[in-house]
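*Asks:* sequence and predicted structure, then a few things I'm wondering about:
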Amino acid sequence: MEKFDAIIIGAGAAGMFCAAMAGQAGGRVLLIDNGKKPGRKILMSGGGRCNFTNLYTEPAAYLSQNPHFCKSALARYTQWDFIDMVGKHGIAWHEKTLGQLFCDDSAQQIVDMLVAECEKGQVAMRLRSEVLGIERTEEGFTLKLNGEDVQTGKLVIASGGLSMPGLGATPFGYRVAEQFGLKVLPTRAGLVPFTLHKPLLEQLQVLSGVSVPSVITAENGVSFRENLLFTHRGLSGPAVLQLSSYWQPGEFVSVNLLPDTDLDVFINEQRTAHPNQSLKNTLAMVLPKRLVECLQQLAQIPDVTLKQLNGRQQSELLETLQNWRVQPNGTEGYRTAEVTLGGVDTNELSSRTMEAKKVPGLYFIGEVMDVTGWLGGYNFQWAWSSAWACAQAL
Ligand code: FDA
């Protein structure tokens, strides 16, 4: 039976990086994936340009039942360390917005970089490989693969979450945790568009494709200021994706469609300058015309001139545009979600090494555990940081 110092299951972001670092430190490492090629999510990420980290990475950008868990790894392998590695591989990048770093050229460069780092560490990579069983032995673990059995002292689970089954996502990591008696917290889709109830969805259909700057707030007070996109299924865009991770079924969200305008002041000024101007044309100066027309058809905007607009109508208008309360029907689910919230309970793991406290030699890294970042490169940074912390212990 072939023997390894470490076997890593999942050749995604975390698995490849961990394998490379452990291999370069001198270990005999096997990296296993059930897919045809490594890093499938990386290739799809950031619209094909991979938003590989965020300049403003900090623990506050992560959701977890234990918000302190991510601190150690993020502090020991930072966004600057990864940017340094990207630079050493000659990959050109740019900041798009809000500290989000993307490849100038293609996400393939990040996969190529990780493959090159694995080769440098002489990592053995087995693709299209299923793990049919894991057994604990005196030496560590024996894995039954399709075709052979392999042995290892240390086993790292880097099989990711449930988002996008089309890209190879499976509940494998949760099953392994359960096999070894580790708690797995309930999972749900995160960074995912909202769907809307039928009547509202039908009313807003005409807005499909309209994007507006917004501030969107969850019932727990968390809010994001980014663009909101109306779609034929509901609401999307970065503001909505971010908020979806903080939303629970049944809750309302409130949307400010004019976060940069003091609407009261704006209307009063316009009324003084152009009293006979229609309210609709006035609002079309600060909002997309299609949105204004749709709201007028829904009787949310009165069909009046500015001099006809009375005080009550003006306050109702402010409420409609700056505190629009929407109750999503649900989310689009794992099919389109970028991440999975929940997963292996971090209380079961060492925040320094990612090793299971109850099962020496067993490690979990990346998205499989209950650490989920905001949109904007934070999830890849968690994959790099947790993988690096783990690799130091292999
Ligand atoms: P990841 O999912 O990358 O890898 C898991 C690997 O395990 C896969 O290769 C899979 O095939 C393998 N696997 C699963 N089950 C297995 C089994 N039973 N046996 C063997 N192998 C198995 N984040 C970000 O920071 N910036 C971005 O731009 C994006 N963009 C983005 C776009 C899209 C479309 C998605 C779906 C997600 C993103 N993300 C993102 C999130 C990011 O991709 C995600 O958080 C990381 O890939 C997680 O890295 P992991 O290595 O933990 O899992």
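*Replies:* Here it is on my side, so go on.

*Asks:* which ones are touching the residue in the chain positioned nearest to the ligand?
*Replies:* Residue nearest to the ligand within the chain: Gly12 (1.8 Å; CB to the nearest ligand atom). No exception for glycine: its C-beta is placed from N, CA and C like everyone else's. By CB atoms under 8 Å, 6 or more residues apart in numbering, the contact list for Gly12 reads 33, 38-42, 158-160, 366, 383.

*Asks:* near the ligand, from these?
*Replies:* 33, 40-41, 158-160, 366, 383 (CB under 6 Å from any ligand atom).

*Asks:* that older thread, could I get the contacts of Gly12 as TSV with secondary structure, neighbour count and pLDDT?
*Replies:* Converted to TSV, those look like this (DSSP: H, G, I helix; E, B strand; the rest coil; neighbours: other CB atoms under 10 Å; pLDDT from 0 to 100):
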residue	secondary structure	neighbour count	pLDDT
Asp33	coil	26	97
Pro38	coil	22	97
Gly39	coil	24	97
Arg40	helix	20	96
Lys41	helix	22	96
Ile42	helix	23	98
Ala158	coil	31	98
Ser159	coil	30	98
Gly160	coil	28	98
Gly366	helix	31	98
Ala383	helix	28	98
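
*Asks:* is the ligand contacted by the lengthiest strand in the chain?
*Replies:* Longest strand of the chain, by residue count under DSSP state E: strand 148-157. No - against the ligand, strand 148-157 shows no contacts by CB under 6 Å from any ligand atom, the least distance being 9.0 Å.

*Asks:* strands along the stretch 151-300 of the chain, start to end?
*Replies:* 184-190, 194-195, 211-218, 223-230, 234-236, 253-256 (DSSP state E, counting those that start in this stretch).

*Asks:* so Val210 makes contact with Pro288?
*Replies:* Yes - the pair Val210 and Pro288 qualifies as a contact (CB atoms under 8 Å) at a distance of 5.2 Å.

*Asks:* pull up the residues of this structure that are close to the ligand.
*Replies:* Within the chain, the positions near the ligand by CB under 6 Å from any ligand atom are 9-15, 32-35, 40-41, 44-46, 50-51, 131, 158-160, 163-164, 168, 170, 172, 338-339, 366-368, 377-380, 383.

*Asks:* what subset of those is buried?
*Replies:* Burial by neighbour count, judged by 16 or more other CB atoms under 10 Å, picks out 9-15, 32-34, 40-41, 45-46, 50-51, 131, 158-160, 163-164, 168, 172, 338-339, 366-368, 377-380, 383 from the residues of the chain next to the ligand.

*Asks:* just the ones of the residues you listed in helices?
*Replies:* Residues of these located in helices (DSSP state H): 13-15, 40-41, 172, 378-380, 383.

*Asks:* redo the residues you listed as TSV? Include distance to Leu74.
*Replies:* Output for these, formatted as TSV (distance: CB to CB, whole Å):
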residue	distance to Leu74
Ala13	15
Ala14	14
Gly15	19
Arg40	25
Lys41	20
Phe172	25
Tyr378	10
Asn379	12
Phe380	12
Ala383	12
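
*Asks:* and the two most separated of these?
*Replies:* Spanning the widest gap among those are Phe172 and Tyr378, at 23.5 Å by CB to CB.

*Asks:* contact partners for the spatially closest residue to Leu201 that is not a sequence neighbour?
*Replies:* Excluding the flanking residues, the one nearest Leu201 by CB to CB, 6 or more residues apart in numbering is Gly234, at 6.4 Å. Gly234 makes contacts with 193-196, 201, 328-329, 332, as judged by CB under 8 Å, 6+ apart.

*Asks:* most surrounded residue in those residues?
*Replies:* When neighbours are counted by other CB atoms under 10 Å, Phe194 leads the contacts of Gly234 with 24 neighbours.

*Asks:* thought that residue was touching Val240?
*Replies:* Yes - Phe194 lies in contact with Val240 (CB under 8 Å); the separation is 5.7 Å.

*Asks:* find residues that contact each of those two.
*Replies:* By CB under 8 Å, 6+ apart, no residue touches both Phe194 and Val240.

*Asks:* tell me who's in contact with Leu375.
*Replies:* Counting by CB under 8 Å, 6+ apart, Leu375 touches 191, 238, 241-242, 338.

*Asks:* in helices, which of those fall?
*Replies:* Short answer: the contacts of Leu375 in helices (DSSP H) are 238, 241-242.

*Asks:* which of those has the most neighbours?
*Replies:* Counting neighbours by other CB under 10 Å, Leu241 comes out on top of these with 27 neighbours.

*Asks:* from what I can see it touches Thr336, true?
*Replies:* No - if you go by CB under 8 Å, Leu241 and Thr336 don't touch, sitting 9.8 Å apart.

*Asks:* need the residues touching each of those two.
*Replies:* Residues touching both Leu241 and Thr336 (CB under 8 Å, 6+ apart): 192-193.

*Asks:* I figured Ser236 hits Leu229, correct?
*Replies:* Yes - using CB under 8 Å, Ser236 is in contact with Leu229, at 4.6 Å.

*Asks:* follow-up on the earlier one: pLDDT for the contacts of Leu375 - can I get that in JSON lines?
*Replies:* Shown next, in JSON lines, are those (pLDDT from 0 to 100):
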{"residue": "Leu191", "pLDDT": "98"}
{"residue": "Pro238", "pLDDT": "98"}
{"residue": "Leu241", "pLDDT": "98"}
{"residue": "Gln242", "pLDDT": "98"}
{"residue": "Glu338", "pLDDT": "97"}
